[in-house]
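**Q** Give me the fold of what follows.
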Amino acid sequence: MRSNSSFRQFGTVFNHEYRQLIRSKFFRGFTAVVLLGIILLLTIPPMTAKKAAPAPQAAEKTLLIIDSTNMFKRADFDAEPGYVITFMQGDSTAEKLKAQIDSGTYDNAMLIGQSPQGAISLDFVTKRSLDSLPQDLLTFTAAANIRNTMAQYGVPAPAIAQALTVPELTITETTGSLMNGFLPSYIMIMVMFYSIVAYGVMVASGVAQEKSSRAMELLITSARTKNLILGKILGIGLAGLTQLAIWLAGMFVFFQINFSYWKDNAIVSGIFGMSASTVVFMLLFYLLGFFMYAALYGAIGSLVSRTEDVQVVQLPIILILLIGLVVTIFGIIFSGPLLTIFSFIPIYTPMSMFARINTSFVPWWQILISLALSAAFVAFFAWAAVKIYRVGVLMYGKTPSVKELIRALRDDKA
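**A** This is a model prediction of the structure:
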């Protein structure tokens, strides 16, 4: 009977907090404004791309190649795209090529020569070297020189072609893909940071407002403290999750509508192309981290007597979050033991362990330990929030010191 009454108390507080927040004009207005921004961001670029006239193709640059060795052919340089190539054999000098460049006859010029010892030399002339053209011409000339030399010694053409074939390169990252792993990690970290700060302040401000209006005296005589604080945390937390769900649904719907435009964008398609396991871990660690810090915010809200003081007492929590954010981001980029250590510190586990899972191989037992630690600390912070809430709501005036709070918690037997 008592459990049913307790559950009804919790449900009443939970429904009140949730409905009050989602029905507020600010909540609805802010949700609509952000959703409209998401829609415009995903819709305007495809619309403007369809209406925009095709950009005129840039004029191809000119390249003069003079072969004074009579050992090369025009076809040796056909693999260089984007250039109109003029190839001729004969004598010339770098000074003559410079004059042709300065006069605007050609954009680039190269003279192929040969030393008395038979070594091939290249003189490349241009107004300003801004691309890979010189290196490309060096590669083509070297390959042609090897091909000609091998042919002179009677090497069959198929063998020459095989010898000059560029090997296929396959890159395997043993620590996972930084780009694919960084994106979901960064997104989850930033969303968690925003959620904790925004909705955590709502939790703390709600508690402080009730305390400042002396409404708490009536509340704590009509409902159990546990039902009050947990109902408030979960009610406001669910409202925040509802807001995020609306935004994410809008992002997904309009990404699908404009899929043909965004599919070639590596960042956007990478966000919406996350694997099912990544999404599951993201939700798990996000919820654990969110409610862990929400309980802390509920506790600090009961320690102040004015809503204005919430901004001050929340600074330690923000500092803790910033430390975890910086360590996690730098740990992803540079790797190292610090990220591993932070992934087992419960207040940082939701950020750091999720980042490790996305950018490296993490044994399953470490994942289970991190989830268990996070869940345990959610329960611990909820318990601590109830205790601090019970003591803090009766302390009016100045904010209690740590010593006073510990003494009051020790004396609290409820």
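
**Q** Please count neighbours and contacts with C-alpha atoms only from this point.
**A** Fine.

**Q** which is the next helix or strand following the worst-scoring helix or strand of the chain on mean pLDDT?
**A** Across the helices and strands of the chain, mean pLDDT, DSSP states H and E gives its lowest value to helix 215-222, namely a mean of 55. Note on helix 215-222: by DSSP states H and E, the next helix or strand toward the C-terminus is helix 225-257.

**Q** what comes up buried for that next one?
**A** Under the neighbour-count criterion of 16 or more other C-alpha atoms under 10 Å, helix 225-257 has 225-241, 243-244, 247, 250-251, 254-255 buried.

**Q** packing partners for that helix?
**A** Packing partners of helix 225-257 (3 or more C-alpha pairs under 8 Å, 6 or more residues apart in numbering; DSSP states H and E): helix 2-22, helix 25-51, helix 178-212, helix 276-301, helix 364-392.

**Q** Could you tell me the angle between that helix and helix 25-51?
**A** Angle of helix 225-257 versus helix 25-51, following axes from the mean of the first three to the mean of the last three C-alpha atoms, to 10 degrees, is 10 degrees.

**Q** Helix 225-257 vs helix 2-22, what angle?
**A** Going by the same axes, to 10 degrees, helix 225-257 makes 50 degrees with helix 2-22.

**Q** Show the average pLDDT along helix 225-257.
**A** Regarding helix 225-257, the rounded mean pLDDT is 85.

**Q** One more: stretch 274-283?
**A** 81.

**Q** Quick check: buried residues in it?
**A** Buried positions in stretch 274-283, judged by neighbour count with 16+ other C-alpha under 10 Å: 278, 281-282.

**Q** what about Pro116, neighbour count?
**A** 6 (other C-alpha atoms under 10 Å).

**Q** what about it, which SS state?
**A** coil (DSSP: H, G, I helix; E, B strand; the rest coil).

**Q** What separation is there between it and Gly11?
**A** 95 Å (C-alpha to C-alpha, to the nearest Å).

**Q** From the rest of the structure, what touches stretch 228-243?
**A** 9-18, 21-22, 31, 195, 199, 202-203, 219-220, 290-291, 294-295, 298, 382, 385-386, 389 (C-alpha atoms under 8 Å, 6 or more residues apart in numbering).

**Q** filter these to the buried ones?
**A** 9-15, 17-18, 21-22, 31, 195, 199, 202-203, 220, 290-291, 294-295, 298, 382, 385-386, 389.

**Q** re the thing from before, can I get the helices and strands packed on helix 225-257 in CSV with distance to Ala144?
**A** Shown next, in CSV, are these (distance: least, C-alpha to C-alpha, whole Å):
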stretch, distance to Ala144
helix 2-22, 72
helix 25-51, 43
helix 178-212, 38
helix 276-301, 49
helix 364-392, 54
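
**Q** Lowest average pLDDT across those helices?
**A** When the helices and strands packed on helix 225-257 are compared on average pLDDT, helix 178-212 comes out lowest at a mean of 75.

**Q** and that helix, what does it pack onto?
**A** Packed next to helix 178-212, using 3+ C-alpha pairs under 8 Å, 6+ apart, are helix 225-257, helix 266-272, helix 276-301, helix 310-313, helix 315-334, helix 349-359.

**Q** Need phi/psi at Gly104.
**A** The phi/psi pair for Gly104 (degrees, to the nearest 10) reads phi 90, psi 10.

**Q** Starting from Thr165, give me the distance back to it.
**A** According to C-alpha to C-alpha, Gly104 stands 37 Å off from Thr165.

**Q** quick one, which of those two is more surrounded?
**A** More neighbours surround Gly104 than the other of Gly104 and Thr165, with 12 against 9 (other C-alpha under 10 Å).

**Q** Give me the neighbour count for Leu315.
**A** 11.

**Q** Surely Phe124 is within a helix?
**A** No: read with three-state DSSP, Phe124 is strand and lies in no helix.

**Q** now it: how far from Val310?
**A** Where Val310 is concerned, Phe124 sits at a distance of 68 Å (C-alpha to C-alpha).

**Q** repeat for Ile101
**A** 69 Å.

**Q** These two: who's more crowded?
**A** Under the criterion of other C-alpha under 10 Å, the comparison of Ile101 against Val310 puts Val310 first, with 22 against 19.

**Q** I figured the more buried one hits Gly206, correct?
**A** No: counting by C-alpha atoms under 8 Å, Val310 does not reach Gly206; the two are 10.1 Å apart.

**Q** Find the residues that touch each one of those two.
**A** Common neighbours of Val310 and Gly206 (C-alpha under 8 Å, 6+ apart) are Gly301.

**Q** Could I get the phi/psi values of Thr69?
**A** Torsion angles at Thr69 (phi, psi; degrees, to the nearest 10) stand at phi -100, psi -20.

**Q** Repeat that for Tyr83.
**A** Torsion angles, degrees, to the nearest 10, at Tyr83: phi -130, psi 140.

**Q** Let's check: the centremost residue of this structure is which one?
**A** The residue lying closest to the centre of the chain (C-alpha atoms, centre = their mean) is Tyr186, at 2.9 Å.

**Q** Could I get the contacting residues of that one?
**A** The contact partners of Tyr186, by C-alpha under 8 Å, 6+ apart, come to Ile329.

**Q** Tell me how many other residues surround Met88.
**A** Met88 has 16 nearby residues by other C-alpha under 10 Å.

**Q** With Ile160 instead?
**A** So Ile160, with other C-alpha under 10 Å, has 16 neighbours.

**Q** same check, this time on Lys73
**A** Here the number of neighbours of Lys73 (other C-alpha under 10 Å) works out to 13.

**Q** ok, for it, nearest residue in space, not its chain neighbours?
**A** Computed as C-alpha to C-alpha, 6 or more residues apart in numbering, the closest residue to Lys73 that is not its neighbour in sequence is Phe87, at 7.9 Å.

**Q** Over to Ala375?
**A** Nearest to Ala375 is Leu288, by C-alpha to C-alpha, 6+ apart, at 6.5 Å.

**Q** Just list the residues touching that neighbour, thanks.
**A** For Leu288, the contacting residues are 350, 374-375, 378, by C-alpha under 8 Å, 6+ apart.

**Q** Mind putting the residues you listed into TSV with distance to Gly273 and neighbour count?
**A** Output for these, formatted as TSV (distance: C-alpha to C-alpha, whole Å; neighbours: other C-alpha atoms under 10 Å):
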residue	distance to Gly273	neighbour count
Pro350	21	31
Ser374	27	24
Ala375	28	20
Val378	30	24
